[in-house]
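Novice: Dropping a prediction and its sequence here:
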Amino acid sequence: MVRPSVILLLLISQLLWLNPNWAETTTFGLDLKEYRLKNGLTLLMHEDHSAPIISLQVWYNVGSRNERPGITGISHLFEHMMFKGSARFGPEEHSRLVTLNGGNDNAFTTQDCTAYFENLPNSKLELAAELEADRMASLRLTPETLASEREVVKEERRLRVDNSLFGLLAEELYATAFSLHPYQWPVSGWMSDLDAISLEDCQEFFLRYYAPNNATVLVLGDIDPNETIRIIERHFGPIPSHKNERPSGGITPETPQKGERQSNCYVSTQFPWVVVAYHIPATTHPDVPALELLSSLLGEGRSARLYQKLIRGQMALSFSTDVDKMKDPGLFTITAEGVQKGYTPEDVESAIYAELEKLREERVSDRELQKAKNQKEARLIFGLQGNFIRGIRIGSSLTESGDPLFFLKVLEKYRQATAEELLRVAREYFNRKNRVVVRLLPETWDKGP
Amino acid sequence: MRIIFCLVLWASTAVAGEGITLNYEKKTLPNGLRVILVEHHELPVVAVELMVEAGSALDPADRHGLAYLTSSLLLEGTTKKTGQELSEEIEFIGGTLRERCEYDFATLSATSLKRDLPAILGLLSQVILSPSFPEEELERHKEKSKASILREKDDRRIIAERHMYELLFDNHPYGHPPIGTLEGLKAVTRFDVVEFHKRYYLPNNSILAVVGDFDPAEVWKGLEDHLGEWKAVEAHAFPLPLSPSRTGRKIRLLDKPDLTQTEMHIGLLGIERKSQDFFPLLLLNHVLASGPASRLYTELRAKRGLTYGVNGKFYARRERGPFFIKTHTRNETTLETLQLLLNELERVRQGGIGQEELEAARAYYKGSFPLGLETPSQIASQLLEQEFYGLPDDYLETYLEHLEAVTLEEVNQLARRFFNPDNMVIVLVGKAAEVLGQVRGLGEVELRWP
């Protein structure tokens, strides 16, 4: 059943604005080989022989969006349980073996996916495959390991959310912006749910989502594709696929917002923080590349519009703009981290609205648009350095869009974007009805009934 | 056009361990600038990094923050362009240009697509050779630094780190953070910045690395065009005072009543980069406190779920830098966690580590060596570090031999010397109302507010 298909993507840029003496064509490609096992597991391979190392990654198609109230945080808790032993390996032995062989391993959970990885010397591919396959096939879930790992996960939540201004702001933002869709709860889960999740919940979760037909294995680096297929077949091939018992369409989509939503949180901070956000569509929607270009214009680099206003204008200590790239509709965010003395969060918000208004009113200049395009392109190419990072880009792309190379294909969309399109997109999304504003304010500001 | 003659020239194709070949060229230009070129043609991108011995350790005692301000102001304008023009120009070609100021050095780093390398080299050299240091930008950056110092008091990890450095290094140049202090910033004038730049931003006090997809001949030509005029100044050694060798045992608790989790750092004076103890400490720390198989990870996290993370790290600098173990736990388990940590340190001091543990640590560093030399920027940063700290030219080539040579006896001797409980500094950031009572029994606790 060897049916490797080759997806070859060649990107050619002709940037005519350059000084003709420098003009050169930038070309690069990313060669991915795809192979599918009988049990439904997808294998994607990318060869790179520049260093004698490999990265093996297993991407499961499950994240906090697949949870329900009462067991929020289970995807992430489960990710931790995956290190607590399987049929052939004891608790923590997975990481110990990887380390012993000079590698590193870890995992992460997002709203849309859970991914595990091992970065190792090239001779250790089989070890990584063996370890990953064993826990996919036969994870050992015991009351003892659940009890201790539950505490670890609660500590992680305290670290990343409860005692972190970034975490608090993000959690409140999504809880405010979404009232129907699962993006409303944090990946780390609500504390009370972390206490409530039972061993049975974990077992059920494992049976439902941890199957070869719900996973993609990525292998990158100094590999031989045929040998890699043999290794992956040997270890993952015998794992039976699951009948598709996943509830179809079990995720409630968010309905369009009918009016602005706001939230003020009173926390221990000296400087107020504020995030201005707008609902935007899912990654694959054709408006997303234009939104990304708008995000660049506003926030990428020192020449960006909001840098001028907020940082050079000394209104905020730092800020960032971001476009969610998610499976389901997410948010466009502008976050001011620390509003300077002498200004209120409302002053900062007004400054942001004034810049957004300009984007709704005036065509951006050709040069500024070209700058944003060049920034996106350069950033994308830089993001391809190193096997591990490359794998993360490919896996994320697959998660968000179903296409492992979607993120490269978007490059063409950036290139084609016009000032008119940016104007239209700014008008469509940057409006008050679609807006969510969340502020972190010093506790002393909480006054009156 | 001036022609640059190379004082030293050799093309190195070093073989570093099994199967790893590092292709790089190293030269010293007549003005003393050391240049490292690492070619890598996989992607059409280039990165340039200039490392200057102009870090915060060279701040005058009454001007803490001067080095940091000088480095930040480099990007705020030259005699030919305003800061705004510089950023726009570099960002228009999709490039980046950033500065960073550390304890031992300041860096300027730029990235661009291959085709824009000449432009990047031009801008970088303009920034380094003819910054204008506008008065109003200095004032703005001083305000920004002051506000950042205040904002740090909202972050328990930075609070702990700042106090740790203060307790370990006191008045030594490593005792204050690169960003400076409120008093120091107040005193800095434009004249100070100009003088600092004149004194330390010298070619013979700097190392330049160019990494990525380029034609070496073009790069040498670009360097000749742009940096040929950079003048060396004689006598450019800026020795630091020795780091203190003793701190005595200290416990400081910073009260932050909103916290539900105590941040805890245990600190010791570590080693200098050239120390013979570097490899033994690397292995010892791995066994004790680094990675998912370490003793502390196993005891604190895997067995007891007391923390999400525990990590030991040392910063080997020009002079002795710090060694830290950092962790956090919920308020109620502060004492339990701290006690376990101290017990483990005492256990390793008295009993050392076992041969099997040593071999596992050695296997990790041997195996992971190529992982740290994968991308051109990783290779460049290794070479820059090696060059900056005056490590031998065959350092990377002999790295594995050094690892192999470390004996159990050496490691255990180090453990006995190193983890001296009378020289340990403990910094806790947490809710004093819940934490102070717990830790009182460990010794005198100094209670402070961030």
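Specialist: Perfect, thanks for sending it.

Novice: Make sure I have this right: residue B:276 is in a helix.
Specialist: No. With DSSP: H, G, I helix; E, B strand; the rest coil as the criterion, residue B:276 is coil rather than part of a helix.

Novice: ranges for the strands of the stretch 101-250 of chain B?
Specialist: B:106-113, B:206-212, B:250-255 (DSSP state E, counting those that start in this stretch).

Novice: hey, what's residue A:139 bridged with?
Specialist: As for beta bridges, residue A:139 partners with residue A:86 under DSSP bridges.

Novice: pretty sure it contacts residue A:207?
Specialist: No. Contact between residue A:139 and residue A:207 fails when scored by Cβ atoms under 8 Å: they sit 10.2 Å apart. Heads up, the C-betas are built off the backbone N, CA and C, glycines and all.

Novice: helix/strand/coil for the closest residue to chain B within chain A?
Specialist: Per Cβ to the nearest Cβ, the residue of chain A with the smallest distance to chain B is residue A:102, at 1.2 Å. What three-state DSSP gives for residue A:102 is coil.

Novice: what's near enough to touch it?
Specialist: Counting by Cβ atoms under 8 Å, 6 or more residues apart in numbering or on different chains, residue A:102 makes contact with A:120, A:121, A:124, B:363, B:364, B:365, B:366, B:367, B:368, B:369, B:371.

Novice: how about a cut-off of 10 Å?
Specialist: By Cβ atoms under 10 Å, 6 or more residues apart in numbering or on different chains, the residues touching residue A:102 are A:53, A:119-121, A:123-124, B:362-371.

Novice: Of those residues, select the buried ones using a PyMOL command.
Specialist: In PyMOL, a selection of the buried entries from the contacts of residue A:102 looks like this (16 or more other Cβ atoms under 10 Å in any protein chain shown):
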select buried, (chain A and resi 53+119+120+121+123+124) or (chain B and resi 362+364+365+366+367+368+369+370+371)
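
Novice: Nearest to residue B:245 among the contacts of residue A:102?
Specialist: In terms of Cβ to Cβ, no member of these lies closer to residue B:245 than residue B:365, at 27.6 Å.

Novice: Compare residue A:139 and residue A:207 (neighbour count), which wins?
Specialist: residue A:139 (19 against 11; other Cβ atoms under 10 Å in any protein chain shown).

Novice: Quick one: residues contacting the more buried one.
Specialist: The neighbours of residue A:139, taking Cβ under 10 Å, 6+ apart as the test, are A:78, A:81, A:82, A:83, A:84, A:85, A:86, A:87, A:202, A:203, A:206, A:210.

Novice: Tell me the pLDDT of the second one.
Specialist: Looking at residue A:81, its pLDDT reads 96.

Novice: From what I see, it and residue A:147 are in contact.
Specialist: No. Contact criterion Cβ atoms under 10 Å: residue A:81 and residue A:147 do not qualify, at 11.3 Å.

Novice: ok, back up a step: spatially, and excluding backbone neighbours, which residue is closest to the residue of chain A closest to chain B.
Specialist: Using Cβ to Cβ, 6 or more residues apart in numbering or on different chains and skipping residues adjacent in sequence, the residue nearest residue A:102 is residue B:367, 1.2 Å away.

Novice: so that neighbour is in which element?
Specialist: In the assignment (DSSP states H and E), residue B:367 maps to helix B:355-368.

Novice: Pull the distance from that helix to the chain's centre.
Specialist: With Cα atoms, centre = their mean, to the nearest Å as the basis, helix B:355-368 stands 25 Å off its chain's centre.

Novice: try stretch A:176-196
Specialist: Chain-centre distance of stretch A:176-196: 17 Å, with Cα atoms, centre = their mean.

Novice: and the residue found closest to residue B:309 once you drop the neighbours it is linked to in the chain, how many neighbours?
Specialist: Of all residues not flanking residue B:309 in the chain, residue B:327 sits nearest, at 6.6 Å (Cβ to Cβ, 6+ apart). Residue neighbour count, defined by other Cβ under 10 Å, stands at 26 for residue B:327.

Novice: now for the helix or strand encompassing residue B:327, which elements pack on it?
Specialist: Following DSSP H and E, one finds residue B:327 within strand B:322-330. If you count contacts as 3 or more Cβ pairs under 10 Å, 6 or more residues apart in numbering or on different chains; DSSP states H and E, strand B:322-330 packs onto helix A:143-157, helix B:156-169, strand B:261-269, helix B:278-289, strand B:310-314, helix B:334-351, strand B:425-430.

Novice: circling back to that earlier point, doesn't residue A:100 make contact with the residue nearest to residue A:102?
Specialist: Yes. When contacts are counted by Cβ under 10 Å, residue B:367 is listed as touching residue A:100 (7.9 Å).

Novice: tally of neighbours for residue B:422?
Specialist: Number of residues near residue B:422 (other Cβ under 10 Å) recorded here: 8.

Novice: so who does the closest residue to it other than its chain neighbours touch?
Specialist: Nearest residue to residue B:422, sequence neighbours excluded (Cβ to Cβ, 6+ apart): residue B:249, at 5.3 Å. By Cβ under 10 Å, 6+ apart, the contact set of residue B:249 is B:420, B:421, B:422, B:423, B:424, B:425, B:426, B:442, B:443, B:444.

Novice: and these, which are buried?
Specialist: B:423, B:424, B:425, B:426.

Novice: now the last one, which residues is it bridged with?
Specialist: If I follow you right, that is residue B:426. Here residue B:426 shows beta-bridge partners residue B:251, residue B:266, assigned using DSSP bridges.

Novice: so what's it up against?
Specialist: Residues near residue B:426 by Cβ under 10 Å, 6+ apart: B:164, B:167, B:249-253, B:264-267, B:325, B:338, B:341-342, B:439, B:442-443, B:445.

Novice: that older thread, going by distance to residue A:361, which of the contacts of residue A:139 wins?
Specialist: residue A:78 (48.4 Å).

Novice: tell me which strands and helices the host helix or strand of the closest one is in contact with?
Specialist: Secondary structure here is read from DSSP H and E; on that basis residue A:78 sits in helix A:74-81. Using 3+ Cβ pairs under 10 Å, 6+ apart, the elements in contact with helix A:74-81 are strand A:53-60, strand A:104-109, strand A:114-121, helix A:143-157, helix A:191-196, helix A:199-209.

Novice: got these as TSV, with mean pLDDT and distance to chain B columns?
Specialist: Formatted as TSV, the helices and strands packed on helix A:74-81 follow (pLDDT from 0 to 100; distance: least, Cβ to the nearest Cβ, whole Å):
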stretch	mean pLDDT	distance to chain B
strand A:53-60	97	5
strand A:104-109	95	7
strand A:114-121	96	5
helix A:143-157	94	3
helix A:191-196	97	10
helix A:199-209	94	16
